[in-house]
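Q: Only the shape, not the letters, is given here:
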Ligand code: SF4
């Protein structure tokens, strides 16, 4: 049996059936083997360093109504906020001084001109104000502000953001439709992902694992989708229920499946690493929300990025996409030393003051054209 598994793991090209078989590993021995193999693939292709992106959730105002999300526009219990620019600059400066190297600017989705100007402004100012000997181009900026027009994406890119996260949540159009209202279109999400790539962003996407009704076939197709879309970065986490959403009807099912969903999320990380090899994969906060050492487990299964929470404390409680989000009440809980200790407890080292860009992006397309602009070294 072990030989059969090893043969499967060592393949160069993975079919739908191969991926499905890998995701179906169940015994502890098989899952341990999957984890160790994914770790080796990571080590060979992107190294063992863990890169950090300080996460600033600068606004929870959103025009969308995703059925699974705690800050969807129809949840009127949420106190809406947008941070002052000064507060964002302070958090960014702290991020740079701590040695994080990069940050993620995340918010709910808005497409109005005022919002676009606001985001463009903060990118420009953060790039300028965080320049130093260690970061000659300023902090690396990843944006996560949803679907925008191609012109808007171009403005953000020109302003200095060079990575963009736009999760597809599921590559199955049928499942996508089940978890989004009719006005949110799968086709528009796809179009946005293609536009981001054409502009030259390092493009990240991701999925929720354990959505009610999602099958192993869906997840295998998700991994093939990442490959087909030539994705550079991934953020994949377990689906965690939020009580103030239409999907709270699945509460009982969710509670019963929690352990299974967590394990499945780790397997998806491992299989994605094995199939895609040189992409960046985040070990998400949602893993930590399920189990206190979840982020560390994600690293052992092949992830190489962590996004410590830098959102100012007074609004953290108002940015809960799911219930039980960790670190919502202590600003220092994700300081560099704390994160470093947690990462080093897994035997890995932290990429201090490094961008930690996606190796895949440079391996495939943009080294000569953009490399000198993006690398801080
Ligand atoms: S998941 Fe994102 S786009 Fe959807 S409602 Fe929540 S914040 Fe808005």
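A: Thanks, I have the structure now. Remember, it's a predicted structure, so these values are computed and weren't measured experimentally.

Q: what's the longest strand in the protein?
A: For the chain, the strand that runs over the most residues, judged by DSSP state E, is strand 51-59.

Q: Which elements pack onto it?
A: With contacts defined as 3 or more CB pairs under 8 Å, 6 or more residues apart in numbering; DSSP states H and E, the secondary structure elements packing on strand 51-59 are helix 85-98, strand 102-107, strand 305-306. For the C-beta atoms, the positions are set from N, CA and C on the backbone; glycine is no exception.

Q: Nearest to the ligand, out of these?
A: The closest approach between the ligand and any of these, judged by CB to the nearest ligand atom, belongs to strand 102-107 at 7.7 Å.

Q: Name the residues of the very next helix or strand once past the closest one that are buried.
A: Past strand 102-107, heading to the C-terminal end, the next element that is a helix or strand (DSSP states H and E) is helix 113-129. Using 16 or more other CB atoms under 10 Å as the test for burial, helix 113-129 gives 115, 116, 118, 119, 120, 122, 123, 125, 126, 127.

Q: TSV for those residues, including distance to the ligand and pLDDT?
A: Formatted as TSV, the entries for the buried residues of helix 113-129 read as follows, by distance: CB to the nearest ligand atom, whole Å; pLDDT from 0 to 100:
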residue	distance to the ligand	pLDDT
115	13	98
116	16	98
118	16	98
119	15	98
120	20	98
122	18	98
123	19	98
125	24	98
126	21	98
127	25	98
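
Q: circling back: compute the inter-axis angle for the longest strand of the chain and strand 102-107.
A: Angle of strand 51-59 versus strand 102-107, following axes from the mean of the first three to the mean of the last three CA atoms, to 10 degrees, is 20 degrees.

Q: right, is strand 51-59 up against the ligand?
A: No - under the criterion of CB under 6 Å from any ligand atom, strand 51-59 makes no contact with the ligand; the nearest approach is 9.5 Å.

Q: quick one: that strand to helix 113-129, angle?
A: Using the same axes, to 10 degrees, strand 51-59 lies at 140 degrees relative to helix 113-129.

Q: Assess the claim that residue 53 and residue 307 are in contact.
A: Yes - in terms of CB atoms under 8 Å, residue 53 counts as a neighbour of residue 307; the distance is 4.8 Å.

Q: hey, what's in contact with both of the two?
A: Common contacts of residue 53 and residue 307 (CB atoms under 8 Å, 6 or more residues apart in numbering): 104, 282.

Q: what does the stretch 51-200 of the chain put close to the ligand?
A: Looking at the ligand, the residues of the stretch 51-200 of the chain close enough under CB under 6 Å from any ligand atom are 62, 64, 65, 66, 69, 71, 72, 108, 109, 146.

Q: ok, now which ones touch the residue lying closest to the second one once chain neighbours are set aside?
A: What sits nearest to residue 64 in space, not counting adjacent residues and going by CB to CB, 6 or more residues apart in numbering, is residue 109, at 5.2 Å. Contact analysis of residue 109 by CB under 8 Å, 6+ apart lists 62, 63, 64, 145, 146, 147.

Q: now swap in residue 192 and tell me
A: Taking CB under 8 Å, 6+ apart as the definition of contact, the neighbours of residue 192 are 147, 148, 153, 166.

Q: The host helix or strand of the third one vs strand 102-107, what angle?
A: The one in question is residue 153. Under the criterion DSSP H and E, the helix or strand holding residue 153 is helix 150-159. Counting by the same axes, to 10 degrees, helix 150-159 lies at 150 degrees to strand 102-107.

Q: And helix 150-159, what's buried?
A: Burial within helix 150-159, assessed by neighbour count using 16+ other CB under 10 Å, is assigned to 152, 153, 154, 155, 156, 157, 159.

Q: Tell me if I'm right that the third one and residue 199 touch.
A: Read it as residue 154. Yes - between residue 154 and residue 199 there is a contact at 5.6 Å, judged by CB under 8 Å.

Q: Check what pLDDT the closest residue to the ligand within the stretch 251-377 of the chain gets.
A: Scanning the stretch 251-377 of the chain for the residue nearest the ligand gives residue 321, at 5.8 Å (criterion: CB to the nearest ligand atom). Note for residue 321: predicted pLDDT of 75.

Q: List the residues that contact it.
A: Applying CB under 8 Å, 6+ apart, the residues near residue 321 are 68, 69, 70, 71, 242.

Q: rerun at 7 Å
A: Applying CB atoms under 7 Å, 6 or more residues apart in numbering, one finds that residue 321 lies in contact with 69, 70, 71, 242.

Q: Excluding residues flanking it in the chain, which one is nearest the last one?
A: If I follow you right, that is residue 242. The spatial neighbour of residue 242 that comes closest, neighbours along the chain excluded (CB to CB, 6+ apart), is residue 70 at 3.9 Å.

Q: about what we covered before: the more surrounded of residue 53 and residue 307?
A: Residue environment comparison for residue 53 versus residue 307 gives the larger neighbour count to residue 53, 29 against 26, counting by other CB atoms under 10 Å.
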